[in-house]
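Student: Here's a sequence, model it:
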Amino acid sequence: MTVGKPILISTELSLTTNFQDADPMGVIYHGNYFRYFEEARHQLMNKLNYSYREMEASGYVWPIIDTRVKYVKSIPYDHPIRVTATLTEWENRLRVDYVIYDDETGARMTKGYTMQVAVSIDKREMCFVSPKIFTDKVEAYHANNA
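Tutor: Numbers count the residues shown, from 1 in each chain. Modelled structure (predicted):
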């Protein structure tokens, strides 16, 4: 087996923005971008077989401790977009990088990230390394998709 950098785990979803998500100027309100990130992150975690219910059942919650978004181009309502989510860190924290593309032209419209840490439900303490239950899921994904 060749030892190298593991493949990045990614997912993407396509959706059309809604009128109710727009501000009075007809563009998507900036806070809604985090909803799009969340939908993509949810799909990414399901891909790893570590949904939010499975996280909780494993004894951990994963609050967001840091986030950033860079608005490159405004997104109008009733517009098709594609959101990608890529797991870029997982050993000590969970970092997911996002890009929102115009689904018609392929132009990048937004990019950002979220960082989460595991918190033991029983002890209510932050973990300084990701729990084995999660890192095992990532390793299993890499083993099955190498």
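Student: Tell me the pLDDT of the residue nearest the centre of the chain.
Tutor: For the chain, the residue nearest the mean C-alpha position is Arg41 (3.0 Å; CA atoms, centre = their mean). Confidence at Arg41, expressed as pLDDT, is 97.
Student: and if you look at Met1?
Tutor: Predicted confidence (pLDDT) for Met1: 37.
Student: same check, this time on Lys5
Tutor: Value listed for Lys5 in the pLDDT field: 62.
Student: does Asp66 have beta-bridge partners, and which?
Tutor: For Asp66, the beta-bridge partners are Met115 (DSSP bridges).
Student: Next up, the contacts around it.
Tutor: By CB atoms under 8 Å, 6 or more residues apart in numbering, Asp66 lies in contact with 113-115. C-beta: built from backbone N, CA, C; applies to glycine.
Student: what helices or strands is the host helix or strand of the residue nearest to the centre of the chain leaning on?
Tutor: According to DSSP states H and E, Arg41 maps onto helix 33-47. Under the contact definition 3 or more CB pairs under 8 Å, 6 or more residues apart in numbering; DSSP states H and E, helix 33-47 sits against strand 9-16, helix 52-57, strand 64-71, strand 80-89, strand 94-102, strand 108-116.
Student: And it, what's buried?
Tutor: 33-34, 36-38, 40-41, 44-45, 47 (16 or more other CB atoms under 10 Å).
Student: Return the set of buried residues in stretch 48-64.
Tutor: Buried residues in stretch 48-64 (16+ other CB under 10 Å): 48, 50, 54-55, 58, 60, 62.
Student: Nearest to Tyr29 among these?
Tutor: Trp62 (25.5 Å; CB to CB).
Student: Could you find the closest non-adjacent residue to Thr84?
Tutor: Nearest-residue entry for Thr84: Glu12, 4.4 Å, with adjacent residues in sequence omitted and distances by CB to CB, 6 or more residues apart in numbering.
Student: Kindly export the helix holding Arg41 (C-alpha atoms) in PDB.
Tutor: The C-alpha atoms that make up helix 33-47 are tabulated as PDB, following Å, rounded to 0.1, in the frame of the first residue of the first chain:
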ATOM      1  CA  TYR A  33     -25.300  31.200   3.300                       C
ATOM      2  CA  PHE A  34     -24.600  29.400   6.600                       C
ATOM      3  CA  ARG A  35     -27.800  27.400   6.000                       C
ATOM      4  CA  TYR A  36     -26.500  26.300   2.600                       C
ATOM      5  CA  PHE A  37     -23.200  25.300   4.300                       C
ATOM      6  CA  GLU A  38     -25.100  23.400   6.900                       C
ATOM      7  CA  GLU A  39     -27.100  21.400   4.200                       C
ATOM      8  CA  ALA A  40     -23.800  20.500   2.500                       C
ATOM      9  CA  ARG A  41     -22.100  19.600   5.800                       C
ATOM     10  CA  HIS A  42     -25.100  17.400   6.700                       C
ATOM     11  CA  GLN A  43     -24.800  15.500   3.400                       C
ATOM     12  CA  LEU A  44     -21.000  15.200   4.000                       C
ATOM     13  CA  MET A  45     -21.400  13.700   7.500                       C
ATOM     14  CA  ASN A  46     -24.000  11.300   6.100                       C
ATOM     15  CA  LYS A  47     -21.500  10.200   3.500                       C
END
